[in-house]
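# After the sequence you'll find the predicted model.
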Amino acid sequence: MKQILLLKCGELILKGLNRGRFEDKLCSILRRRLKDVGDFDVHCNQSTVYVEPCGNSTAEDAIPVCQKVFGVVSVCLMAVCKKDIDDICRVGAEYLKDVLDNARSFRVTAKRADKRFPIKSPEIGVMVGGYLQDAYPHLKPDMENYDVNVEVNVREEYAYIGAVRLPGAGGMPTGTNGRGMLLLSGGIDSPVAGWCMAKRGIDLSAVHFFSYPYTSEEAKQKVLDLAAILGQWSGKLTVSVVPFTHIQEEIRAKCADDYFTLVMRRMMMRISQQVAINQNCGCLITGESLGQVASQTMEALGCTNAVCTQMPVFRPLIGMDKEEIVAISRRIGTFETSVLPYEDCCTVFTPKHPQTRPKLENVEKQEAKLDIDTLVAEAVAGVERITL
Ligand code: ATP
Ligand code: MG
């Protein structure tokens, strides 16, 4: 029996005249990602994407890949039937045998996308339901509390019947909302922040500040591993590794201890903007969350943000609790890697009593002791670009 995946696309429907462009983008992302698991024909019709296995490839193998593509709201595994009510009933009864044997109650929801089909949706539901009821007399029809929801979908060329609908990643296809530069540390938060913005259609690049030998090669590898996991959702990304040791040593030597972190964060933002511009990114993305640490109080964020004059900074976690962030991190698969115990450059030289309510003029006074432009230029020139 031939199986196929029907994918429901989300907000694409809302996009009016842009819909075609969005659907094309979604299909081309799916084609590229599915190459890793087999040979599939991918096309779109009336806001539904068809993923048809070719040769020896199977629809089941494509499911986990499709579930990680942004823009896909749900993934439905279905058997292909002729556009004939008897065939739909017969194929359905055979195809769904295991599921229906193990269920106590069921319902049928039918959809007639092709209005030329002579039987209306409610009647299709009644006819298929009646047939399945006869074939599996133990089943109780129940529209509210059902074990199995049998879906029938009559479309242009064929009809489809199935009972497995799985959640997709939601959001918008990668790249439909431009490119962004994620400040990626080895922590829990920044991969989640990147995922949240990738979900909104942003094509990600990443920048990582590396303070060798204060932070180790293992710490850098951990960041690359996180970028690879993130890439399973957002598409492969490039990590720009910025040499940060000299800057941290300069701040340490010349600035007051309690301003160390703030001055450092402003340096990160200046450099990140430059790296972002060089790579055609239109925004920065960070994993900051209000009040989480001293550098994330309203005042501290204000001082950090003051140097971000060239592009917006998106902080999707700003209003989230740690538990919420951790839950997403587990769901997207970055948690286990994030909690590996390697140090980040932010924990190098951390002051005991950082400023939590800093004044911008005082931060600027501390920075006057540094040759900011040269330090930024050196760091940007030293960037190592790693494509995963
Ligand atoms: P995370 O869990 O993402 O490390 P955090 O709670 O530890 O965040 P900070 O260390 O203050 O918070 O960092 C705030 C944000 O700054 C991070 O979410 C990340 O976007 C960015 N950042 C911190 N360290 C680095 C780094 N070494 N390289 C790139 N970006 C960084
Ligand atoms: Mg951190």
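Happy to help now that I have it. Ligands and ions are numbered 1, 2, ... in the order given.
# all contacts plus neighbour counts: C-alpha atoms, from now on.
OK.
# Look at Leu12 and report its pLDDT.
For Leu12, the model assigns a pLDDT of 55.
# Close to ligand 1: what parts of the stretch 201-350 of the chain are there?
Proximity of the stretch 201-350 of the chain to ligand 1, by CA under 6 Å from any ligand atom, involves residues Val207, His208, Phe209, Phe210, Thr286, Gly287, Glu288, Ser295, Asp344, Cys345, Cys346.
# hmm, who's touching the lowest-mean-pLDDT helix or strand in the chain?
Least confident helix or strand of the chain, by mean pLDDT, DSSP states H and E, is helix 19-34 with a mean of 92. With contact meaning CA atoms under 8 Å, 6 or more residues apart in numbering, helix 19-34 is reached by 12-13, 40-44, 47, 49, 62, 65-66, 69, 71, 173-174, 176.
# who does the helix or strand just after that helix touch, helix- and strand-wise?
Note on helix 19-34: by DSSP states H and E, the next helix or strand toward the C-terminus is strand 40-45. Counting contacts by 3 or more CA pairs under 8 Å, 6 or more residues apart in numbering; DSSP states H and E, strand 40-45 is packed against helix 19-34, strand 48-53.
# Next, the angle from the first one to strand 40-45.
It stands for helix 19-34. Here helix 19-34 runs at 170 degrees with respect to strand 40-45, directions being taken by axes from the mean of the first three to the mean of the last three CA atoms, to 10 degrees.
# Can you give me the buried ones in helix 19-34?
For helix 19-34, a neighbour-count test (16 or more other CA atoms under 10 Å) marks Phe22, Glu23, Lys25, Leu26, Cys27, Ile29, Leu30, Arg31, Arg33, Leu34 as buried.
# As CSV, these with distance to ligand 1 would be great.
Listed next are those as CSV, based on distance: CA to the nearest ligand atom, whole Å:
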residue, distance to ligand 1
Phe22, 29
Glu23, 31
Lys25, 28
Leu26, 28
Cys27, 31
Ile29, 26
Leu30, 28
Arg31, 31
Arg33, 27
Leu34, 30
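# of all those residues, which two lie farthest apart?
Greatest spatial distance among the buried residues of helix 19-34 (CA to CA): Phe22 and Leu34, at 18.2 Å.
# re the thing from before, roughly how far is the least confident helix or strand of the chain from the heart of the chain?
For helix 19-34, the gap between its own C-alpha mean and the chain's C-alpha mean amounts to 15 Å (CA atoms, centre = their mean, to the nearest Å).
# got the angle for it vs strand 48-53?
Using the same axes, to 10 degrees: helix 19-34 against strand 48-53 is 20 degrees.
# pretty sure Arg200 contacts Met172?
Yes. Here Arg200 reaches Met172: they are 5.2 Å apart, a contact under CA atoms under 8 Å.
# who touches both of those two?
Common neighbours of Arg200 and Met172 (CA under 8 Å, 6+ apart) are Phe70.
# quick one: which of the helices and strands packed on strand 40-45 is nearest Gly186?
Nearest of the helices and strands packed on strand 40-45 (CA to CA): helix 19-34, 25.7 Å.
# what's the average pLDDT for stretch 41-54?
Mean predicted lDDT for stretch 41-54 stands at 94.
# Which positions in it come out as buried?
Val42, His43, Cys44, Ser47, Thr48, Val49, Tyr50, Val51, Glu52, Pro53.
# Need the residues that contact it.
Applying CA under 8 Å, 6+ apart, the external contacts of stretch 41-54 come out as 3-9, 12-13, 23, 27, 30-31, 38-40, 59.
# now the end-to-end length of it.
In stretch 41-54, first residue to last residue: 7 Å (CA to CA, to the nearest Å).
# do stretch 98-115 as well
End-to-end distance of stretch 98-115 (CA to CA): 31 Å.
# List the contacts of that stretch.
120-122, 124-126, 128-129, 136, 138-143, 145-156, 163.
# Can you give the distance from it to the centre of its chain?
How far stretch 98-115 lies from its chain's middle: 31 Å, per CA atoms, centre = their mean.
# What pairs with the helix or strand encompassing Lys111, parallel or antiparallel?
Using DSSP H and E, Lys111 sits within strand 105-112. The pairing partners recorded for strand 105-112 under DSSP bridges are strand 140-141 (parallel), strand 148-154 (parallel).
# Could you identify which of those is most buried?
Greatest average neighbour count among the strands paired with strand 105-112 goes to strand 148-154 (a mean of 23), per mean count of other CA atoms under 10 Å.
# Pull the distance from that strand to the chain's centre.
28 Å.
# Redo the buried residues of helix 19-34 as JSON lines? Include distance to Leu340.
Output for those, formatted as JSON lines (distance: CA to CA, whole Å):
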{"residue": "Phe22", "distance to Leu340": "38"}
{"residue": "Glu23", "distance to Leu340": "39"}
{"residue": "Lys25", "distance to Leu340": "36"}
{"residue": "Leu26", "distance to Leu340": "34"}
{"residue": "Cys27", "distance to Leu340": "36"}
{"residue": "Ile29", "distance to Leu340": "31"}
{"residue": "Leu30", "distance to Leu340": "32"}
{"residue": "Arg31", "distance to Leu340": "34"}
{"residue": "Arg33", "distance to Leu340": "28"}
{"residue": "Leu34", "distance to Leu340": "30"}
